[in-house]
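Trainee: Here you go, sequence then predicted model.
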Number of protein chains: 2
Amino acid sequence: MKRLNNGVCSPEGFTDIGKSVGIKKSKRKDLAVIFSKKICQASAVYTQNKVIGAPLIITQDHLKDGKAQAVIVNSGIANVCTGNKGLEDSKMIASLLAKELDINEMNVIVSSTGLIGKFLPLNKIQRGISGIKQELSIKSSSGEAILTTDKMIKEIAIQAENFTIGAIAKGSGMIHPNMATMLCFITTDADISSKRLKSMLKIAVEDSFNSVSVDMDTSTSDMVTIMANGLAGKVNEGRFQEVLNQVCIFLAKKIASDGEGATKLLVVDVLNAISKIDAKKLARSVVSSNLVKCAVYGSDPNWGRLICAMGNSNAKFDLETIDIYIGDEKIVKDGKGLSFDQKSVKKEMDKKEVKIVIDLKQDKFNATAFGCDMTEEYIRINSLYTT
Amino acid sequence: MKRLNNGVCSPEGFTDIGKSVGIKKSKRKDLAVIFSKKICQASAVYTQNKVIGAPLIITQDHLKDGKAQAVIVNSGIANVCTGNKGLEDSKMIASLLAKELDINEMNVIVSSTGLIGKFLPLNKIQRGISGIKQELSIKSSSGEAILTTDKMIKEIAIQAENFTIGAIAKGSGMIHPNMATMLCFITTDADISSKRLKSMLKIAVEDSFNSVSVDMDTSTSDMVTIMANGLAGKVNEGRFQEVLNQVCIFLAKKIASDGEGATKLLVVDVLNAISKIDAKKLARSVVSSNLVKCAVYGSDPNWGRLICAMGNSNAKFDLETIDIYIGDEKIVKDGKGLSFDQKSVKKEMDKKEVKIVIDLKQDKFNATAFGCDMTEEYIRINSLYTT
């Protein structure tokens, strides 16, 4: 297994482009296209918010046949709460790109992220699409163009045996479990049917993107798509699932640690719960608690807040058997606080990646959730990031 | 109907005391006792967190017979996650107070609020209880002694017809719907059975304390109790319910506007939903959203975040019929943004009480939820408030 550097362009047959077309005021890149020279088997998972953006409705329609050949994403405006005009706009974008790339418009995945309630500047996007065929390359420049409040590009590519998986992702606010919590576009040269891709993607997303929480808010625009162009031929599916999981967990952690205003990644392991569902609920509840996130920011081993968040999860556990560790330091045994070495614990909490392990000692089911600390900067970003 | 100034001591037959016994390092008041000269009919509602503090377990036991004569509350330490010793401690406190006041220890309501996982300093509390009988007065000094991170005393008393209801409350962090979201102790001289008190309290709490959210965290220690000593005789129960609701809503709003770090009270009205449950879910989801709270802090009419929070509520609504008002300013009509007067809207959002009205225009069910903005100060309080 080998890490490659070219993100979504690492698998054979994929090219991309990220550019600025003027949707964002800042002149930062705001339009991305990913293209496969061969039609792909494709699938996606979508936000579980009841309000979903126009691009998702169009993409769901386009992916009904399990086929795709290109992705077009803009950042800056989400095209949500835009009624029929919003739907027409997303369709138009797919159609413009299809014409430019000489492909079927039904094989275009459309996505938008940014402000809700504004219309897309179609003329700017049209100008941006025009001539894009010549601009496509294997430089992996799309990762930058899908960002909003993100501070870092999130991409990865892994080669294993005969296939490669590449991916880019974005997300730093409005991120919460139980959905495709952000945008992620995955490419691969493996030959796999869209039906198998769907079930494999669901598994990979469950323990990665669906286990990330930044701020309890689940966005209206989010999706994870996967496109497999088959150029590498048939693959070992067990192995493929393994690599896909790894790609998604890598990006999920990147998203968590780039949470708005975050200074630390928070990883919460719940061990030995009585069911997988209970383990997940507990880990996600802890990682989502504002009070826990503030305590992590302040390097304060306030384990009462961990227990409080667990109590709010609606999951089953026995208070009398809980052990809690921060990093390697045990601070709670059988539900009662230990007198621990303050200095060592503070050292663990000052790390860029803070690990909390909650061992329930009841049965054998484990889960991990990813989050971040909560800081004054989160407030500043979200009280100033304006309509 | 008349407002009185003496909080829990306003109804006939009640006295109280708030004092410092050294549980808090700061020398602020930390022990409160409320006493009725006559045994009361009594009831309570409790936190819905799965982890509940020792005092709640003892109080539940003591209130099984629907009778109480005194409340003892300490702030500073919550006596949660303290095992059998914690239970013994709470029982001991009830017993010490009962001896001092010459009442039955089964008629003592015990409550604690503050840090989780620490044992109470029993000797300090014992010293504080000793001689307290002489210190009881109608000065209404208990309200201050139950506070933790609160910045203001929360008390009210209303006289109507032949009865009076008085109450004190605390709460500014770890506050979230679906429980008795904080501490509140209600006294009245009305003659009402504990059974009727229970059902009336449930009604009053549902639209007040259970409609407040400060930070999505539901504490382990919270309860609302009511004691009726009957000295005013039989009352009109419809009227009593009305006044009780008003007392609870008044205190709920006080708690919301004193939310940790808050600068504004946020009131969200959802109108004309298809059911009461949907209306409540929507109002509570909006008032709980970190992103909405940050937008309110920044006086940013980012209505996309309101819609996003509604979409996350799991409630039913039709995006196409939503109107949204900030104060009197209409900013959304039929799910689409209006071009509104930025200045007037900003003025509405700069008020100490920001009102958001979401009219679904579907049926006739309404609900209101109370919250506050989210500020850098919330982060500072919760990353520094330490174990």
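Mentor: Ah, there it is.
Trainee: Would you mind identifying the next helix or strand past the host helix or strand of A:Thr187?
Mentor: Assigned by DSSP states H and E, A:Thr187 belongs to strand A:183-190. Using DSSP H and E, the helix or strand that follows strand A:183-190 towards the C-terminus is helix A:194-206.
Trainee: Run the angle between that next one and strand A:183-190 for me.
Mentor: Calculated by axes from the mean of the first three to the mean of the last three C-alpha atoms, to 10 degrees, helix A:194-206 forms an angle of 130 degrees with strand A:183-190.
Trainee: Mind listing the strands the following helix or strand past helix A:194-206 pairs with, and their directions?
Mentor: Following helix A:194-206 in sequence order, the next helix or strand is strand A:223-233 (DSSP H and E). Strand A:223-233 pairs in its sheet with strand A:31-46 (antiparallel), strand A:183-190 (parallel), by DSSP bridges.
Trainee: and those strands as CSV, adding mean pLDDT and mean neighbour count?
Mentor: Quick note: C-beta positions are derived from backbone N, CA and C, even for glycine. Shown next, in CSV, are the strands paired with strand A:223-233 (pLDDT from 0 to 100; neighbours: other C-beta atoms under 10 Å in any protein chain shown):
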stretch, mean pLDDT, mean neighbour count
strand A:31-46, 96, 24
strand A:183-190, 96, 29
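Trainee: Could I get those strands in TSV, plus columns for distance to B:Phe340?
Mentor: Formatted as TSV, the strands paired with strand A:223-233 follow (distance: least, C-beta to C-beta, whole Å):
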stretch	distance to B:Phe340
strand A:31-46	29
strand A:183-190	30
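Trainee: and of these, who's closest to B:Glu105?
Mentor: Ranking these by proximity to B:Glu105 (C-beta to C-beta) places strand A:31-46 first, at 57.9 Å.
Trainee: Just give me how far that closest one sits from the chain centre.
Mentor: Its chain's C-alpha centre and that of strand A:31-46 lie 16 Å apart, by C-alpha atoms, centre = their mean, to the nearest Å.
Trainee: swap in stretch A:223-241?
Mentor: Mean-position distance between stretch A:223-241 and its chain equals 19 Å (C-alpha atoms, centre = their mean).
Trainee: now whichever residue of the stretch 51-200 of chain A sits closest to chain B, nearest residue through space, not along the chain?
Mentor: Using C-beta to the nearest C-beta, A:Ile116 is the residue of the stretch 51-200 of chain A that sits closest to chain B, at 2.5 Å. Closest residue in space to A:Ile116, ignoring its immediate chain neighbours: B:Gly304 at 2.5 Å, by C-beta to C-beta, 6 or more residues apart in numbering or on different chains.
Trainee: Please identify the helix or strand for that neighbour.
Mentor: For B:Gly304, the enclosing helix or strand under DSSP H and E is helix B:303-311.
Trainee: just checking, what packs against that helix?
Mentor: Secondary-structure packing of helix B:303-311 (3 or more C-beta pairs under 8 Å, 6 or more residues apart in numbering or on different chains; DSSP states H and E): helix B:276-288, helix B:290-297, strand B:353-359.
Trainee: quick one: the longest one to strand B:353-359, angle?
Mentor: Spelled out, that is helix B:276-288. Using the same axes, to 10 degrees, the direction of helix B:276-288 lies 140 degrees away from that of strand B:353-359.
Trainee: wait, which of the helices and strands packed on helix B:303-311 is closest to B:Ala70?
Mentor: helix B:276-288 (34.3 Å).
Trainee: got the buried residues for the closest one?
Mentor: Buried residues in helix B:276-288, counted by 16 or more other C-beta atoms under 10 Å in any protein chain shown: B:278-288.
Trainee: which of these are close to chain A?
Mentor: Checked against chain A using C-beta under 8 Å from any C-beta of the partner chain, those give the following subset in range: B:Ser288.
Trainee: With pLDDT as added columns, please give the buried residues of helix B:276-288 in a markdown table.
Mentor: Output for the buried residues of helix B:276-288, formatted as a markdown table (pLDDT from 0 to 100):
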| residue | pLDDT |
| --- | --- |
| B:Asp278 | 95 |
| B:Ala279 | 96 |
| B:Lys280 | 92 |
| B:Lys281 | 91 |
| B:Leu282 | 95 |
| B:Ala283 | 94 |
| B:Arg284 | 90 |
| B:Ser285 | 91 |
| B:Val286 | 94 |
| B:Val287 | 92 |
| B:Ser288 | 89 |
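Trainee: what's the distance between the strand holding A:Thr187 and the middle of its chain?
Mentor: Averaging C-alpha positions (C-alpha atoms, centre = their mean) puts strand A:183-190 13 Å from its chain's average.
Trainee: ditto for stretch A:18-27
Mentor: For stretch A:18-27, the distance to the chain centre is 22 Å (C-alpha atoms, centre = their mean).
Trainee: Kindly export that stretch (C-alpha atoms) in PDB.
Mentor: Extracted in PDB, the C-alpha atoms of stretch A:18-27 (Å, rounded to 0.1, in the frame of the first residue of the first chain):
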ATOM      1  CA  GLY A  18      -9.900  24.200  -9.800                       C
ATOM      2  CA  LYS A  19     -10.300  27.900 -10.700                       C
ATOM      3  CA  SER A  20     -11.700  31.200  -9.700                       C
ATOM      4  CA  VAL A  21     -14.700  32.400 -11.600                       C
ATOM      5  CA  GLY A  22     -15.800  35.200  -9.200                       C
ATOM      6  CA  ILE A  23     -18.500  33.500  -7.100                       C
ATOM      7  CA  LYS A  24     -16.500  34.300  -4.000                       C
ATOM      8  CA  LYS A  25     -15.700  37.900  -3.400                       C
ATOM      9  CA  SER A  26     -12.300  37.000  -2.200                       C
ATOM     10  CA  LYS A  27     -11.100  35.800  -5.600                       C
END
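Trainee: quick check, it touching chain B?
Mentor: No - using C-beta under 8 Å from any C-beta, we find that stretch A:18-27 stays clear of chain B, coming within 15.8 Å at best.
Trainee: Let me know the average pLDDT across that stretch.
Mentor: Per-region confidence: stretch A:18-27 scores 92 on mean pLDDT.
Trainee: Pull out the buried residues from that stretch.
Mentor: Judged by neighbour count (16+ other C-beta under 10 Å), stretch A:18-27 contains these buried residues: A:18-21, A:23-24.
Trainee: sorry, back to before: do I have it right that the residue of the stretch 51-200 of chain A closest to chain B meets A:Gly76?
Mentor: No - counting by C-beta atoms under 8 Å, A:Ile116 stays clear of A:Gly76, with 11.9 Å between them.
Trainee: and the helix holding B:Gly304 with helix B:276-288, angle?
Mentor: Interaxial angle, helix B:303-311 versus helix B:276-288 (the same axes, to 10 degrees): 140 degrees.
Trainee: Helix B:303-311 to helix B:290-297, inter-axis angle?
Mentor: Helix B:303-311 and helix B:290-297 are oriented at 150 degrees to each other (the same axes, to 10 degrees).
Trainee: quick one: contacts of helix B:303-311?
Mentor: Applying C-beta atoms under 8 Å, 6 or more residues apart in numbering or on different chains, the contact partners of helix B:303-311 are A:49-52, A:78, A:80-81, A:115-117, A:174, A:217-220, A:387, B:282, B:285-286, B:288-289, B:291-292, B:295, B:317, B:319, B:322, B:324, B:331-332, B:335, B:337, B:356, B:358.
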